[in-house]
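Asks: no letters, just coordinates:
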């Protein structure tokens, strides 16, 4: 039965976002598109005229979780027959038509290249059609504006910290990763398109921009490489801080280390995924570096910026990982002494080469190894925080501290979480502080 169109009546949309920062960025762009279709955002599903699940397929059994969420929406659909339910993102890209076949209450499915087509898709839905649109755009070149060149007149004010995508897709084909399937091969966005969006964000109040890409530091478009792009962004008045995630170790070089030292806006913080300390495991992961070459990259950075903070990703329990392999990961943690570790148990991602590798480990082994990684990192970060007692930092204020409204919370340039005690600083202020307290997950400080 067709859904009655109401172009002049304001409608409400609820988008539930799962997964990485790129999905969060995609959600923001969906909202911008939908605002021009007279939609406003609501946190309450019961108020929504349109509900979209923006999905992630990185974790194991991601599609089952999507169907579970859809099942919980079915009673709402029965009460509100005109409610439109859609599934976007990586699971939508993978499953496509299967989602419509499995859940009769889903009206539209769209892939990672298709969220700018939402106005046309919604027109079809209102005519009574169920729509699947997951066809990839024809990227004949490795350089393309996958974010259109338009300025949103009615865009809501962005946060003091904002994401900005500069590449999409990936050419690395790590054996555990589904990204090249769900997001396609790597495409770099044209530099003038990126700079235009960055200036617009700063004009609307953004102080810190984090550049996004599955392999962000392989960016190259129209003769502009990643380091030159960083230099151009650094020239934007009012842009106080620049970060980026996630780089690939194989593409980290001396020129990027120099940029982290020399560019005023570029924060001296690097997220550099290691994944494993074992060369044998790294080879099975198809990571294209060894522990030795990784450690040399860390040495290059610290020779330029001794106080730089480094975070990483680790996967434990990868197929074939022996006790000795795992111990090398712990040794690497002790050697580098990361400020933060995002550690995960290996889980099978359907459609990846690692799914069929021999040596799949028992869950109990993976659980025990993950616990040891977390305990090791807790000790390291506690020690590093204690070493920071009395040091001075610049903190970007993000809001009131939830446990004490008279205090403020924010991040240092090194991405340390900091609570500024008894402060009335406003959101977006850059405050000079001295560290007075060290906790496991945050620092306490006083205003200088």
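Replies: Happy to help now that I have it. Being a predicted model, the structure only gives us computed values, none of them experimental.

Asks: give me the neighbour count for residue 47.
Replies: Residue 47 sits with 12 neighbouring residues when counted by other C-beta atoms under 10 Å. (Each C-beta comes from the backbone N, C-alpha and C, glycine too.)

Asks: ok, it to residue 10 distance?
Replies: 12 Å (C-beta to C-beta, to the nearest Å).

Asks: residue 204 now?
Replies: Note on residue 204: its distance to residue 10, by C-beta to C-beta, is 22 Å.

Asks: now the helices for the stretch 201-350 of the chain?
Replies: 226-234, 254-262, 279-285, 291-304, 323-336 (DSSP state H, counting those that start in this stretch).

Asks: check the offset of the last one from the chain's centre.
Replies: In this view, helix 323-336 has its centroid 26 Å away from the chain centroid, taken as C-alpha atoms, centre = their mean, to the nearest Å.

Asks: by contact count, what packs against that helix?
Replies: helix 291-304, strand 309-316, helix 363-387 (3 or more C-beta pairs under 8 Å, 6 or more residues apart in numbering; DSSP states H and E).

Asks: what does it contact?
Replies: With contacts defined as C-beta atoms under 8 Å, 6 or more residues apart in numbering, helix 323-336 is touched by 274, 276-278, 280-281, 291, 294-295, 298, 310, 312, 314, 316, 341, 369, 372-373, 376-377, 380.

Asks: in stretch 173-190, which residues are buried?
Replies: 174-184, 186-190 (16 or more other C-beta atoms under 10 Å).

Asks: could you do stretch 326-337 as well?
Replies: Using 16+ other C-beta under 10 Å as the test for burial, stretch 326-337 gives 326, 328, 329, 330, 332, 333, 336.

Asks: who touches the helix or strand of the chain with the lowest mean pLDDT?
Replies: Between all helices and strands in the chain, the lowest mean by mean pLDDT, DSSP states H and E belongs to helix 179-182, at a mean of 84. For helix 179-182, contacts defined as C-beta under 8 Å, 6+ apart pick out 57, 90, 93, 94, 112, 169, 170, 171, 172, 173, 214, 351.

Asks: which ones among the residues you listed map onto helices?
Replies: The helices, defined by DSSP state H, take in 90, 93, 94 from the contacts of helix 179-182.

Asks: quick check, the second one in contact with residue 109.
Replies: No. Residue 93 is beyond contact range of residue 109, at 9.1 Å (criterion: C-beta atoms under 8 Å).

Asks: with neighbour numbers in mind, choose between the two.
Replies: Each of residue 93 and residue 109 had its neighbours counted (other C-beta under 10 Å), and the higher figure belongs to residue 109 (26 against 23).

Asks: the more buried one is in what secondary structure piece?
Replies: strand 108-110 (DSSP states H and E).

Asks: average pLDDT for whichever helix or strand comes after that strand, rounded please.
Replies: Toward the C-terminus, strand 108-110 is succeeded by helix 118-126 as the next helix or strand (DSSP H and E). Across helix 118-126, the average pLDDT comes to 94.

Asks: adjacent strands (with direction) for the following helix or strand past helix 118-126?
Replies: Note on helix 118-126: by DSSP H and E, the next helix or strand toward the C-terminus is strand 131-133. Using DSSP bridges, strand 131-133 pairs in its sheet with strand 108-110 (parallel).

Asks: quick check: the gap between residue 391 and residue 384.
Replies: From residue 391 to residue 384 the distance is 11 Å (C-beta to C-beta).

Asks: check residue 289 too.
Replies: From residue 289 across to residue 384, the span is 25 Å (C-beta to C-beta).

Asks: of these two, give the one with the bigger neighbour count.
Replies: Ranked by neighbour count (other C-beta under 10 Å), residue 289 and residue 384 place residue 289 first, with 20 against 15.

Asks: how near is the more buried one to residue 276?
Replies: 11 Å.

Asks: hey, what's in contact with both of the two?
Replies: Counting by C-beta under 8 Å, 6+ apart, the residues touching both residue 289 and residue 276 are residue 282.

Asks: in the stretch 51-200 of the chain, which spans are strands?
Replies: Here the stretch 51-200 of the chain has its strands, by DSSP state E, counting those that start in this stretch, at 84-88, 108-110, 131-133, 161-165, 167-168, 187-188.

Asks: looking at those, which is nearest to residue 417?
Replies: Among the strands of the stretch 51-200 of the chain, the nearest to residue 417 by C-beta to C-beta is strand 161-165 (12.9 Å).

Asks: I would like the residues contacting that closest one, please.
Replies: Outside of strand 161-165, the residues within contact range by C-beta under 8 Å, 6+ apart are 21-22, 24-25, 28, 146-147, 189, 194, 197-198, 201, 206-213, 396, 398.

Asks: point out where the chain drops to low pLDDT.
Replies: Within the chain, the segments meeting pLDDT under 70 span 1-9, 59-62, 137-157.

Asks: got the end-to-end distance for stretch 29-49?
Replies: Using C-alpha to C-alpha, to the nearest Å, the end-to-end distance of stretch 29-49 comes to 18 Å.

Asks: does residue 370 really touch residue 321, like I thought?
Replies: No. The criterion here is C-beta under 8 Å, and residue 370 misses it with residue 321 at 11.8 Å.

Asks: so the two - more neighbours on which side?
Replies: More neighbours surround residue 321 than the other of residue 370 and residue 321, with 24 against 18 (other C-beta under 10 Å).

Asks: if I look at the more buried one, how far off is residue 303?
Replies: Noted for residue 321: a distance of 32 Å to residue 303, by C-beta to C-beta.
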